Each structure stands twice: as structure tokens, then as C-alpha cells.
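[1] below is the structure, and that's it, no one-letter string:
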């Protein structure tokens, strides 16, 4: 049993079944000293039927505005959590059982401040994409596809502060300077987005979470410079061996190669500066559209508290 206040933040396309909320409430009653449940759902959700639930801890329903991104919705739920430890869960609520919850909280007993819960991933394309993304990032801070995370209060405070400069929750979590653990759970990673939405998210992750904007121009600059220098060496070799200069195309190759290298190198450096400026000036708005709180309807069973 976790001798702490535990918050569980559920991110779902619709409000979970009331019976699932009651099941999770009883589970948290046995696994934590105090607890709360927060569900973040789209703007069209109606929480009226949840006011009659039998709960020992508060239940909060947060609706988000229509243009809120999935990460912005999760941030809205995390910012409302008051627990000592906050479990963010993006999978199906039915898969958050006693074993999974224990695996999410156990590493924090040893001082861990961030626990990343990786689910079962069968998509080869997704695995290849994350390998490509991490190849453009520092090796010590890889981005992981997760089904959930557990944050300490200190870690969550850093996350919410950094949210003003970076909209990608995966990138934020990867770059937090805290002690972290990676735990595998028996739950599939969520795939509630369309292909176009996932493609757009992947493009954003590449552009903002990696050195893609500077690495690609600088790599092309190196290739262009190589061709320019190779053409110059070829012309010099012909002059030394044959006593005459080669055709005029070698001069064009040198000029074009070195010129393109200079331009692309400048683009890479400009991208780096613009990205740094954008992080400094960008602000994130709260995606909360409405909040409904259902208070506890019964006392906790003291026999369950050890």
C-alpha cells in the first residue's frame, strides 16, 4: 500500500463507464492512503450520470475545448491533480488493474520521480519512426511511446512549468532532469488518432523534439562541400598530370558545391536560432473547458489501510 495521496488522470475519448470508475476507486482505496480520480474527456461529454456513484475519493471530470490537442488535454488534467504521486493513463481504463497500478507506483518507493509505462507495441512502422527520432536526439534522453506515466509532485511541477515552452508531452518527459524508470505493462499503446493526425504529430515531433531542422541542412551541406572539394582535387590532379586544366564543368562543380554548402549550413544555423527563440516566446493556453467534481459518498474502509 502506498502511504501517499495518489491521483489517477484518465485521458479518454469519452467518459468511462461509472462502474469502471467505482472499480478503480475501490482499487485505489486498497493501494493508497488517499486518492482521487480525474477524467479528461472531449467537450461533448455529459457527466450528470456520474453524480450517483459510490466513491471513497473525489472524482473530477474535465472537459476540453474542441481544438485541444491530446497532449493539451492531458496537461489540463495533470494541472488539476493534487496528489503526492500522479498516474497518467492513456490506455483503456479497464486495463488499469491492481498489478499495473502497483508496477506504476513501485519504482517511486526507491526515489524514482518519473515512471514511464511502455505498452505492447506491434506496429513495425511506429518502432522504426521512434528509432529515427531518437537517432536525431541525445542518447541519454530518448523519446518513448508510452501508455502512461507516474510523476512525483516535484517532477510534475517541473513538467507544468516547462509546458509553456514545449507543447509535446513526450519531449517534455524525455528532457526532465529527474531520476526515471521504464516499466513494461501488459496494455496496448493507445491508437485513437487517424492516420493524418498521427502523421502531423510525427512531423511536429521531428521538427520540435529533434535536431532534424539543423541536422538535415548540415548533412546536405557536407555532401555539397564534398562534391565541391572533390571537383577541385580532380581539376588539380589533371593540371599536375597532364599539364592543362580540365573542362569548364569542374569550375562550375566547385562553385555550385561550395556555394550550396554555405547556404545549407546557414539554413541549419538559422533554424537552430529560430527554434530557440520560438521556445522562449511561445505560451501555452489552458485547454480546460469545464470542470465537474463529484465528492466522496462514503468513508474509506479503515480495515484496508495498513
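    On my side now, so go ahead. Worth saying up front: this structure is predicted, and the values here are computed from it rather than measured. Numbering: from 1, shown residues only.
[2] in this structure, which spans are helices?
    18-31, 70-80, 98-105, 124-135, 153-162, 169-175, 195-209, 212-242, 249-281 (DSSP state H).
[3] mean pLDDT for these: which is lowest?
    Among those, helix 195-209 has the lowest mean pLDDT, at a mean of 61.
[4] can you count the residues close to residue 295?
    Applying other C-beta atoms under 10 Å, we find 9 residues neighbouring residue 295. In short, each C-beta sits where N, CA and C put it, glycine included.
[5] got it, and residue 56?
    Quick note: residue 56 (other C-beta under 10 Å) scores 18 neighbours.
[6] name the nearest residue to it, ignoring sequence neighbours.
    residue 300 (4.6 Å; C-beta to C-beta, 6 or more residues apart in numbering).
[7] that neighbour contacts residue 29, correct?
    Yes: at 5.8 Å, residue 300 counts as touching residue 29 under the criterion of C-beta atoms under 8 Å.
[8] mutual contacts of the two, please.
    Residues touching both residue 300 and residue 29 by C-beta atoms under 8 Å, 6 or more residues apart in numbering: 56, 57.
[9] these two touch, right, residue 260 and residue 224?
    Yes: applying C-beta under 8 Å, one finds residue 260 in contact with residue 224, separated by 4.0 Å.
[10] so those two - more neighbours on which side?
    residue 224 (20 against 17).
[11] right, and that one touches residue 261 too?
    Yes: using C-beta under 8 Å, residue 224 is in contact with residue 261, at 4.1 Å.
[12] against residue 26, how distant is the residue nearest to residue 56?
    10 Å (C-beta to C-beta, to the nearest Å).
[13] how about residue 35?
    10 Å.
[14] what do those two both touch?
    Joint contacts of residue 35 and residue 26 (C-beta under 8 Å, 6+ apart) are residue 56.
[15] more neighbours: the two, which one.
    Ranked by neighbour count (other C-beta under 10 Å), residue 35 and residue 26 place residue 35 first, with 26 against 16.
[16] that one reaches residue 4, doesn't it?
    No: the pair residue 35 / residue 4 is not scored as a contact, 9.4 Å apart, by C-beta under 8 Å.
[17] which neighbours do these two share?
    Common neighbours of residue 35 and residue 4, using C-beta under 8 Å, 6+ apart, are residue 83.
[18] most remote residue from this structure's center?
    The C-alpha centroid of the chain is most remote from residue 243, which lies 62.0 Å away (C-alpha atoms, centre = their mean).
[19] against residue 237, how distant is that one?
    From residue 243 across to residue 237, the span is 12 Å (C-beta to C-beta).
[20] what of residue 104?
    With C-beta to C-beta as the criterion, residue 104 and residue 237 are 65 Å apart.
[21] tell me which of those two has more neighbours.
    The residue with more neighbours, out of residue 104 and residue 237, is residue 104; 26 against 11, by other C-beta under 10 Å.
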